Structures are given as structure tokens and as C-alpha cells.
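>>> Following is a predicted model, sequence given first.
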Amino acid sequence: MGRGKELPSYPVAEAAIKAIADWVNTYRNAIGSNCEFGMCGPDEVMRMARDIGVTSSQLQDLVRKGPDSAKLLKRMLVALRVDPKVLADIDPACHARNEMAVHDLY
């Protein structure tokens, strides 16, 4: 009952398997993102969008970004030293009006 043999290491094979697994995960996420509203009618999508204060197209854009997009946003905000609590208080409609006003200046 001494030491058992260590399993051999195959770094090239392990790297290839990891690359394939990463591709499969990316593919699954892409397929899932495209089908998130597959069982919903346009009226249901509009209702969900209205509930969170965005348009249907904005909601679909958010879904297409994938499930990890919020994590990426949080990392970017931390890197930029932006307080997420301040951003949470911003009304999307107010932001859209400000963008239009700035656009009108040019």
C-alpha cells in the first residue's frame, strides 16, 4: 500500500482537449443565447422588456451578449473605478434623453 504510480502527463493532448471543450461551451452559449425567447411571442418579449425599462430590441441585444456579459461589465467598472451603485440609480430614459440632447448639439 505504498505510493501508486503517477499518471503520465500529455500536455499537447490536454491542451487540445481543453480547446475543444472551450469551443463546445462557446457554441452551446451561442445557441442558447439565440433561443432564449424561442417559446415567447413578441407580446411577451415586449412585456418583459417594459418590466425592466428597455425596448424589445435592447432586451434582445442584452440576451445576445450572453450570460457572462454582466461579469465583464462589473470587471470593467472596477478597472475604471466607477461605483456601480451610482450607475444603478441612473434612469435609462433619462440617459437616452441626455444622449439625444448631446447629439443635437453637433
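That came through, no problem. All figures in this text were calculated on a predicted structure; none of them were measured in a lab.
>>> and for the host helix or strand of V24, what are the contacting residues?
Here V24, judged by DSSP states H and E, is contained in helix 11-34. Here helix 11-34 makes contact (CB atoms under 8 Å, 6 or more residues apart in numbering) with 63-67. (Glycine included, C-beta is placed from N, CA and C.)
>>> can you list the weak-confidence ranges in this protein?
The model of the chain has pLDDT under 70 over residues 1-4, 29-35, 84, 91-106.
>>> from the chain's centre, how far out does the helix holding V24 sit?
17 Å (CA atoms, centre = their mean, to the nearest Å).
>>> Could you point out the helix or strand that follows that helix?
helix 42-52.
>>> list the contacts for the residue positioned nearest the centre of the chain?
The centre of the chain sits closest to S69, judged by CA atoms, centre = their mean, with a distance of 2.4 Å. Under the criterion of CB under 8 Å, 6+ apart, the neighbours of S69 are L62.
>>> and what of R75?
Residues in contact with R75 (CB under 8 Å, 6+ apart): none are found.
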